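Undergrad: Turn this into a model:
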Amino acid sequence: MAKLAKQAVRQQVIQWLQAYQQQPAKQQAQQQLYQQFFALLQWQQARTVALTLSQPLEIDVQPVIQAAWQAGKQVYVPRVMPKRQLAFLPYTATTPLTKSKFGLLEPPYQPTQVRTQFDLMLVPGLAFSAARQRLGFGGGYYDRFLSQHPQKTVSLALSGQYFTTATWPVAPFDRVIDQLLTVDR
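TA: Presented below is the predicted three-dimensional model:
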């Protein structure tokens, strides 16, 4: 099978997510993924959790954030920095958020609050292979961060985001996810 350009796969998955957005099956699939995630020993033992605030097309991370807060875990979310870097900052119910140039909600930058090591990182993506290869949104932010700061990583994938094999080119700098949770697999 020929590899598709990364952008072609991104477009294919985004179209699938847009169509899937309005279907009741998305809620059921998300619930299944949350149950798997909360059952992980890494989640149960984690005191610090990093994740990205989700966009409407993505799996909603709000239930993960709420569960983390209820369990007394510290939550960190990224702020996009120059040179395609991420700065992870504390996120609480009272953290003021602003919209980045990418449309992502971000906390204010406070250099003394930046953290680079977490007990668990929930890594977003558009597509994932059975070999835990990840296709992100195209900026390489997470690949850069994980190259500099290795973490225990987990990703959640809806059925249209899961590929038996990567149909996109995988570069040497693309970081592999430690654990991939999928629906019905």
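Undergrad: mind showing which ranges of the protein have poor pLDDT?
TA: Residue ranges of the chain with pLDDT under 70: 1-3, 184-185.
Undergrad: What are the boundaries of the strands in it?
TA: 48-51, 74-81, 85-91, 98-99, 105-106, 120-122, 127-129, 134-135, 153-157, 162-163, 179-182 (DSSP state E).
Undergrad: Format the ones you listed as JSON lines; extra columns: distance to residue 112.
TA: Every residue, glycine included, has its C-beta placed from N, CA and C. Below are the strands of the chain laid out as JSON lines (distance: least, CB to CB, whole Å):
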{"stretch": "strand 48-51", "distance to residue 112": "16"}
{"stretch": "strand 74-81", "distance to residue 112": "14"}
{"stretch": "strand 85-91", "distance to residue 112": "10"}
{"stretch": "strand 98-99", "distance to residue 112": "19"}
{"stretch": "strand 105-106", "distance to residue 112": "17"}
{"stretch": "strand 120-122", "distance to residue 112": "21"}
{"stretch": "strand 127-129", "distance to residue 112": "35"}
{"stretch": "strand 134-135", "distance to residue 112": "31"}
{"stretch": "strand 153-157", "distance to residue 112": "26"}
{"stretch": "strand 162-163", "distance to residue 112": "40"}
{"stretch": "strand 179-182", "distance to residue 112": "31"}
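Undergrad: got the ones you listed as a markdown table, with mean neighbour count and distance to residue 18 columns?
TA: Converted to a markdown table, these look like this (neighbours: other CB atoms under 10 Å; distance: least, CB to CB, whole Å):
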| stretch | mean neighbour count | distance to residue 18 |
| --- | --- | --- |
| strand 48-51 | 23 | 22 |
| strand 74-81 | 20 | 24 |
| strand 85-91 | 20 | 26 |
| strand 98-99 | 10 | 21 |
| strand 105-106 | 20 | 20 |
| strand 120-122 | 25 | 22 |
| strand 127-129 | 23 | 15 |
| strand 134-135 | 24 | 17 |
| strand 153-157 | 24 | 16 |
| strand 162-163 | 17 | 17 |
| strand 179-182 | 19 | 20 |
